[in-house]
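[1] pasting a predicted model and its sequence here:
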Amino acid sequence: TNDLKTDYLWPLLLFTALLSFLLVLRADGKRMRACFFWFLTFLATAYALLMAPEPQKRALFGAGIFLFVAIGKAVEVLKRTCEEREEEVFSLLFRAAACAFVAMMTLSMSFVYLQDGANLARIRRDLTERYAILEEAAKEGKQEVVLPLLHPQFKNKYSMAYVTEISAEDSGYYVNQALAGYYGIPVVRGIRRDDLSEQTETGANEERANADERKAEPEESKPEADGKGEEP
C-alpha cells in the first residue's frame, strides 16, 4: 500500500475524480465496465507483485499501464456523456467536482491511515519485545539490561512512544530511570538497532571462530584410547 501511495497516488486521485464525475452524470453502465475492468486489473496485478517477499519497484511499471488505460477509458466515457447531456452538464459538473474532491481526500486519507496504522502495530511489537526483556531480566535479578530502541522508520504523528523513548547515550535519563525503578533493575540502557545488529553479527562470528579452533585441535592432544602411557 505504501508503494502504491508513493508511485501512483496522483493517478489514483485522478481516476477517483473521473469516476466521481461519471457517477454524478449517471454515465452509461456498459461504457463504464471497461474502466472498472482495467482498474481492477491494475489492483490485482499491483498487489500480486507487492506480496512477494522482496518486490522490485520496477515491477509495478506494468501494473501502472493498466491504471493509465483505465484513466483513458474514463476520459473517453466522460467526453461522450457530456456531449449527450449538453443542456444540463454544467450544473452536474459542479456537483461532480464537489463529490470528486471528497472522494480524492478520502482516498488520500485512507493511504495515510493504512500506512500509519501498520506502523502503530510495528511500534507495539517493539514495545512488547522490550517489556519481555525487562520482565525476564527482573526475574533473573540482573544488575544491568540493554534495550533496543524503537525503529526510527516507524515514527508517526499518531504515537507518543517516541516522545517517551529511552536514551542510548544517558542511562540516567528519566525514562530509563523510570523503567529501572518499575522493574527493580539498577541500570537500564538503550542501544540503536544498527549497533545491536553489529554486536549480534560480531558475537556470531566469534562463536564460529571458537568452534573452528576447537575442531582444529591436534588429535595427539587427546588421551590415547588404549590407556598406554609414555615410556620412561
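    Okay, I see it.

[2] show me the protein divided up by domain.
    Domains of the chain are assigned by automatic domain parsing as 2-120, 141-215.

[3] could you export those domains to JSON lines, including columns for mean pLDDT and mean neighbour count?
    From N, CA and C alone the C-beta is placed, and that goes for glycine too. Output for these, formatted as JSON lines (pLDDT from 0 to 100; neighbours: other C-beta atoms under 10 Å):
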{"stretch": "domain 2-120", "mean pLDDT": "77", "mean neighbour count": "15"}
{"stretch": "domain 141-215", "mean pLDDT": "80", "mean neighbour count": "13"}
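
[4] in CSV: those domains, plus distance to residue 132.
    Converted to CSV, the domains of the chain look like this (distance: least, C-beta to C-beta, whole Å):
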stretch, distance to residue 132
domain 2-120, 19
domain 141-215, 10
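
[5] among these, which is nearest residue 127?
    Comparison of the domains of the chain against residue 127 by C-beta to C-beta identifies domain 141-215 as nearest, at 6.6 Å.

[6] ranges for the helices of the chain?
    Here the chain has its helices, by DSSP state H, at 2-24, 29-50, 60-84, 89-140, 174-183, 193-215.

[7] packing partners of the shortest one?
    Counting contacts by 3 or more C-beta pairs under 8 Å, 6 or more residues apart in numbering; DSSP states H and E, helix 174-183 packs against helix 89-140, strand 187-191.

[8] now do that helix against strand 187-191, angle only.
    130 degrees (axes from the mean of the first three to the mean of the last three C-alpha atoms, to 10 degrees).

[9] tabulate the CA atom coordinates of helix 174-183 in CSV.
    Only the C-alpha atoms of helix 174-183 are listed here, as CSV (Å, rounded to 0.1, in the frame of the first residue of the first chain):
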residue,chain,number,x,y,z
TYR,A,174,14.3,10.0,33.3
VAL,A,175,12.6,7.4,31.1
ASN,A,176,15.5,4.9,31.7
GLN,A,177,15.3,5.6,35.4
ALA,A,178,11.5,5.1,35.4
LEU,A,179,11.8,1.7,33.8
ALA,A,180,14.6,0.7,36.1
GLY,A,181,12.7,1.7,39.2
TYR,A,182,9.5,0.0,38.0
TYR,A,183,11.2,-3.4,37.2
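
[10] and the angle from it to helix 89-140?
    Using the same axes, to 10 degrees: helix 174-183 against helix 89-140 is 50 degrees.

[11] which residues are in contact with helix 174-183?
    134-135, 137-138, 147, 164-167, 170, 185-190 (C-beta atoms under 8 Å, 6 or more residues apart in numbering).

[12] looking at the residues you listed, which two lie furthest apart in space?
    135 and 170 (23.5 Å).

[13] and of the domains of the chain, who's closest to residue 126?
    Nearest to residue 126, of the domains of the chain and by C-beta to C-beta, is domain 141-215 at 5.0 Å.

[14] check the gap between residue 165 and residue 109 for me.
    Residue 165 sits 27 Å away from residue 109, going by C-beta to C-beta, to the nearest Å.
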